[in-house]
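1. Just need the structure, nothing else, for what follows:
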Amino acid sequence: MSPTRRPEPRPEIMGVAPYLGGESHVPGVSRIIKLSSNEGAFGPPPAARAAIAESAHDMSRYPDGSARALRDAIGAHFGLDPARIVCGNGSDEVINLLIQAYGGPGTELLMSAHGFSIYEIFGTLAGGKVRKLPEQELVADIDAFLGAVTERTRLVFIANPNNPTGSLLPLAELRRLREGLPPEVLLVLDGAYAEYVDRPDYDGGVSLVDAGENTVMTRTFSKIWGLGGVRLGWCYGPPAIVDVLNRLRPPFNISKAAAAAGIAALSEPRWAEHSRAHNHAARARVTEALRAMGIRVWPSEGNFVLADFDTEERARAADAWLRRHGIIVRAVGSYGLPHCLRITIGTDEECTILIDTLREFAESNAPWDTARG
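-> Residues are numbered from 1 along each chain as shown. Okay, here's the model as predicted:
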């Protein structure tokens with residue numbers, strides 16, 4: 001019998017494990033507190049909900065392929081030129097387009113050891129080589145990046161704040177990185193959590209984008225704006241790169257509902273300010289409480305904390321304990337951090353339940369060294 005013949009994919013595709021998002025359900029548990037996907041604590045703004053409902057009346061018509069109204073709204077909100085904005089089906093699509101455009105076979109993509117996994121996935125799928133570089137205390141090491149550049153390096157990805165560690169690089173370090181990279185290397189600054197940063201010296205990347213032709217910053221509506229379910233993201237970049245992305249992106253990649261929700265979310269009075277203030281206070285409360293239990297919590301500027309349980313066994317036990325109580329957090333073994341759990345900052349009530357449940361876990365298990373928190 002002759003062997004079965006069938007179409008075969010490119011080899012690199014089968015070498016990539018599918019991306020797995022945060023879980024939403026625990027079998028046999030009815031009340032779920034989902035703290036696994038870094039979704040906004042308060043969901044979408046009321047104006048966005050209303051805009052999505054209103055968009056249903058015209059869903060038979062194709063959307064504006066250029067997403068002009070959405071780009072205008074983003075530009076007005078952030079003080080950016082709309083002509084230099086490209087919108088995507090989540091910032092993931094924008095990231096993928098950048099890698100497809102500037103990466104591929106024979107090229108290298110540099111990222112930090114514990115950087116967002118989608119960079120590695122898309123970089124590998126494009127046929128390029130992805131190199132993960134060591135960090136210092138879970139913070140991207142700029143010297144490691146600069147020392148790793150070769151003639152094949154074409155892309156450098158930095159999430160700032162970083163997921164899943166929560167670490168933040170100061171602008172001076174980002175400038176040092178940009179100045180030390182060859183001009184033909186594209187630096188991508190992923191600002192998915194930028195709106196949560198509460199530091200006056202923070203720059204999400206605008207100054208670096210405006211300073212040259214080789215830096216792009218990306219943002220998402222999935223986090224502070226609570227629109228993860230409609231998939232909406234964007235980037236701001238130099239005109240030449242924007243031109244390339246507009247040639248590459250699919251037509252009508254932004255639905256009418258997503259565009260309407262994004263425009264409305266940006267118009268909601270003080271939504272970002274309120275959400276950021278809540279996150280700042282709640283994150284501090286969770287951090288302090290966990291450290292008092294002897295659980296190390298790494299510094300975070302996002303809407304989550306990285307809780308370090310010291311060993312993989314203890315992290316697994318804590319995760320199982322939380323799940324039995326209907327609390328889902330994110331195990332991050334796939335990020336090379338099997339001893340840690342990433343915990344989204346939820347509402348005040350959710351944070352209280354989380355703290356109480358982890359305290360019960362700590363009291364029910366081997367004594368913690370409270371000095372190490």
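
2. What are the phi and psi values at Trp190?
-> Trp isn't right for residue 190; it's Asp. phi -90, psi 110 (degrees, to the nearest 10).

3. That one pairs with what?
-> Under DSSP bridges, the beta-bridge partners of Asp190 are Ala159, Thr218.

4. Would you check that it makes contact with Phe116?
-> Yes. When contacts are counted by Cβ atoms under 8 Å, Asp190 is listed as touching Phe116 (6.5 Å). (C-beta placed from N, C-alpha, C; glycine too.)

5. between those two, who's got more neighbours?
-> The neighbour comparison of Asp190 against Phe116 (other Cβ atoms under 10 Å) goes to Asp190, with 30 against 20.

6. What separation is there between the more buried one and Val244?
-> Applying Cβ to Cβ, to the nearest Å, the value for Asp190 to Val244 is 18 Å.

7. Please apply the same query to Tyr202.
-> 28 Å.

8. and if you look at Thr311?
-> Counting by Cβ to Cβ - Thr311 and Val244 are separated by 47 Å.

9. hey, which helix is longest across this protein?
-> helix 271-292 (DSSP state H).

10. continuing past that one, what's the next helix or strand?
-> Note on helix 271-292: by DSSP states H and E, the next helix or strand toward the C-terminus is strand 296-298.

11. List the contacts of that next one.
-> The contact list for strand 296-298 (Cβ atoms under 8 Å, 6 or more residues apart in numbering) reads 138, 165-167, 286-287, 290-291, 305-308, 310, 372-373.

12. If we use 7 Å, what do you get?
-> 138, 165-166, 287, 290-291, 305-308, 372-373 (Cβ atoms under 7 Å, 6 or more residues apart in numbering).

13. mind putting these in TSV, pLDDT included?
-> Shown next, in TSV, are those (pLDDT from 0 to 100):
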residue	pLDDT
Leu138	98
Thr165	98
Gly166	98
Thr287	98
Leu290	98
Arg291	98
Val305	98
Leu306	98
Ala307	98
Asp308	98
Arg372	45
Gly373	44
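
14. In helices, which of these appear?
-> Filtering the contacts of strand 296-298 for helices - DSSP H - leaves 287, 290-291.

15. Could you export those as a markdown table, including neighbour count and distance to Leu80?
-> Compiled in a markdown table, the ones in helices among the contacts of strand 296-298 are given as follows (neighbours: other Cβ atoms under 10 Å; distance: Cβ to Cβ, whole Å):
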| residue | neighbour count | distance to Leu80 |
| --- | --- | --- |
| Thr287 | 20 | 33 |
| Leu290 | 23 | 37 |
| Arg291 | 15 | 38 |
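
16. possible to save those residues as JSON lines with distance to Arg342?
-> JSON lines is the format used below for the ones in helices among the contacts of strand 296-298 (distance: Cβ to Cβ, whole Å):
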{"residue": "Thr287", "distance to Arg342": "13"}
{"residue": "Leu290", "distance to Arg342": "13"}
{"residue": "Arg291", "distance to Arg342": "16"}
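
17. Just name the closest of these to Asp72, please.
-> Closest approach to Asp72 among the ones in helices among the contacts of strand 296-298 (Cβ to Cβ): Thr287, at 38.7 Å.

18. surely that closest one meets Ala307?
-> No. In this structure, Thr287 is not within contact of Ala307 by Cβ atoms under 7 Å, at 9.1 Å.

19. which one of the ones in helices among the contacts of strand 296-298 sits closest to Ser364?
-> Ser364 lies nearest to Leu290 out of the ones in helices among the contacts of strand 296-298, by Cβ to Cβ, at 15.6 Å.

20. ok, that closest one to Phe304 distance?
-> 12 Å.

21. Would you map the strands across the stretch 1-150 of the chain?
-> With DSSP state E, counting those that start in this stretch, the ranges of strands along the stretch 1-150 of the chain come out as 33-34, 85-88, 108-112, 129-133, 135-136, 139-140.

22. Compare those strands and give me the one nearest Ala53.
-> Set against Ala53 and scored by Cβ to Cβ, the strands of the stretch 1-150 of the chain come closest in strand 85-88, at 21.3 Å.

23. Export only the CA atoms of the closest one, formatted as PDB.
-> Output of strand 85-88 as PDB, limited to C-alpha atoms (Å, rounded to 0.1, in the frame of the first residue of the first chain):
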ATOM      1  CA  ILE A  85      -1.500  55.000  13.100                       C
ATOM      2  CA  VAL A  86      -2.400  51.500  11.900                       C
ATOM      3  CA  CYS A  87      -5.200  49.600  13.600                       C
ATOM      4  CA  GLY A  88      -5.300  45.800  13.900                       C
END
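
24. mean confidence for that strand?
-> For strand 85-88, mean pLDDT is 98.

25. sorry, back to before: what residues do Asp190 and Phe116 have in common as contacts?
-> Residues touching both Asp190 and Phe116 (Cβ under 7 Å, 6+ apart) are Ala159.
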